[in-house]
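Asker: Turn this into a model:
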Amino acid sequence: MIIDGSHGEGGGQILRTAIALSCITGREIEIRNIRANRPNPGLAAQHLAGLQAASRITHAKTEGLRIGSTSIKFSPGSIEGGFHSIYIGTAGAITLVLQTIVIPSLKAEEMTVFEITGGTDVPWSPSIAYFQHIFCDFMKKIGIDIGVEILKYGFYPKGGGKVRVSFTPQQEIKPLNFTERGKLERIDIWSIASENLRNARVAERQVEGAREFLKYDFGKSNIIYTPTLSPGSSVHIHAQYENCRLGASSLGEKGVPAENVGEKAGKLLKKQIDSGACLDEWMADQIIPYLALYGGKVSVSEITEHAKTNIWVCEQFGAKFEVEGNVISICQTI
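Answerer: Predicted coordinates for the structure are as follows:
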């Protein structure tokens, strides 16, 4: 099968989803024009790390796995669990590597553990807190058990974060049915900053900015200061409903007051809350492969270009979707 990496938004999501589905279906694929719509096309460090991890656990035969490559071939074998150490080598996003390997890891006959070194909170990717508290929560609701241990945080440009993620062998997985939120129970917040930003109260001020904007009843505020190779900060907020969670994150920037960083996360979350949906705009695209595999229906905050592109990739493997308004449902699974 040939996949055109320039389709739709033409980014790394095509690569991650196609490789994950190749692993689980056993189909040999060739991906061309990788990240064709990005300023620096081809494989970056985090894409290569995800490919190498997928190759390792499936004993795949591969071609073109190198930095900058715009075309690869991937032919997976049987899926094997065990312990795997992955070093991205930059502040490349750990969470984007995980998007490649979660699905194949579910098919291993024994527990699979990945210890990944890279960036935990970096631009253009979900934060590790988002992965832990939003993505993993939805997975748990359908029967997928993912353990996350954050060993060290890593910000741009040096990274150096380390996360240990474990997957138990696949049990019975339920269809994804998330169309009714239920009652809002609370809003939780995690504010993380480098140790050398403690005196400036960066983590506390991020919380203050979020609280001042949202004006909801918050649960406990989680303040974390930690040693990092590069100074940085991040904030993650989520709204806990009876049947789902909506999340949003923002990163500290040089010259931007910490209060503004918290306010930005608050504004992003408020947009998701106001949508009336069960899934925020970032889960909307991440959930697509799981709908394709296990069926169901979800309401999402926004049908983004990432979501449309992910639907297209899954349809290359035989899935059929229906999109009506902000509701995505599956007509045929892979």
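Asker: Please count neighbours and contacts with C-alpha atoms only from this point.
Answerer: Noted.
Asker: which residue of the protein sits farthest from its center?
Answerer: Distance from the C-alpha centroid of the chain, by C-alpha atoms, centre = their mean, peaks at Asn199 (31.7 Å).
Asker: Please report the distance of that one from Arg205.
Answerer: 11 Å (C-alpha to C-alpha, to the nearest Å).
Asker: And Thr117, by the same measure?
Answerer: Between Thr117 and Arg205 the computed distance is 28 Å (C-alpha to C-alpha).
Asker: Next up, the contacts around Ile128.
Answerer: Residues near Ile128 by C-alpha atoms under 8 Å, 6 or more residues apart in numbering: 94-95, 120-121.
Asker: now swap in Phe74 and tell me
Answerer: By C-alpha under 8 Å, 6+ apart, the neighbours of Phe74 are 19, 22, 28-30, 55, 60-63.
Asker: For it, which non-adjacent residue is spatially closest?
Answerer: Spatial nearest neighbour of Phe74, excluding adjacent residues (C-alpha to C-alpha, 6 or more residues apart in numbering): Thr62 at 4.7 Å.
Asker: which SS state does the one you found fall under?
Answerer: Using DSSP: H, G, I helix; E, B strand; the rest coil, the secondary structure recorded for Thr62 is strand.
Asker: Enumerate the positions of the host helix or strand of Lys73 that are buried.
Answerer: Element membership for Lys73, per DSSP states H and E: strand 72-75. Across strand 72-75, burial judged by 16 or more other C-alpha atoms under 10 Å covers 72-75.
Asker: Which of those residues sits closest to Ser85?
Answerer: Nearest to Ser85 out of the buried residues of strand 72-75 is Phe74 (C-alpha to C-alpha; 20.7 Å).
Asker: Quick check: bridge partners of that closest one?
Answerer: Beta-bridge pairing for Phe74 (DSSP bridges): Ile29, Thr62.
Asker: Equivalent analysis for the one 10 residues further on, please.
Answerer: According to DSSP bridges, the residues that bridge with His84 are Phe114.
Asker: Now do it, the pLDDT please.
Answerer: His84 is assigned a pLDDT of 96 by the prediction.
Asker: Over to the one 10 residues further on?
Answerer: The predicted local confidence for Ile94 comes out at a pLDDT of 98.
Asker: again, but for Ala18
Answerer: What the model reports as pLDDT for Ala18 is 98.
Asker: That one should be in a strand, yeah?
Answerer: No. Under three-state DSSP, Ala18 sits outside any strand and is assigned helix.
Asker: burial count for it?
Answerer: 24 (other C-alpha atoms under 10 Å).
Asker: Quick one: the buried residues of strand 72-75 as CSV, columns for distance to Gly42 too.
Answerer: Below are those laid out as CSV (distance: C-alpha to C-alpha, whole Å):
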residue, distance to Gly42
Ile72, 10
Lys73, 14
Phe74, 15
Ser75, 19
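Asker: and the strand holding Lys73, C-alpha only, in PDB?
Answerer: Extracted C-alpha coordinates of strand 72-75, given in PDB (Å, rounded to 0.1, in the frame of the first residue of the first chain):
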ATOM      1  CA  ILE A  72      10.000   5.000   3.700                       C
ATOM      2  CA  LYS A  73       9.000   1.400   3.400                       C
ATOM      3  CA  PHE A  74       7.700  -0.500   6.400                       C
ATOM      4  CA  SER A  75       6.900  -4.200   6.500                       C
END
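Asker: in this protein, which helix or strand is least confident?
Answerer: Every helix and strand of the chain was ranked by mean pLDDT, DSSP states H and E. The lowest is strand 218-226, at a mean of 91.
Asker: Does anything pack onto that one? Which helices or strands?
Answerer: Applying 3 or more C-alpha pairs under 8 Å, 6 or more residues apart in numbering; DSSP states H and E, one finds that strand 218-226 makes contact with strand 184-194, helix 202-214.
Asker: Now the residue lying closest to Arg32 once chain neighbours are set aside: phi and psi?
Answerer: Distances taken as C-alpha to C-alpha, 6+ apart place Ser71 nearest to Arg32, at 4.4 Å, with adjacent residues excluded. For Ser71, the backbone dihedrals (degrees, to the nearest 10) come out as phi -150, psi 130.
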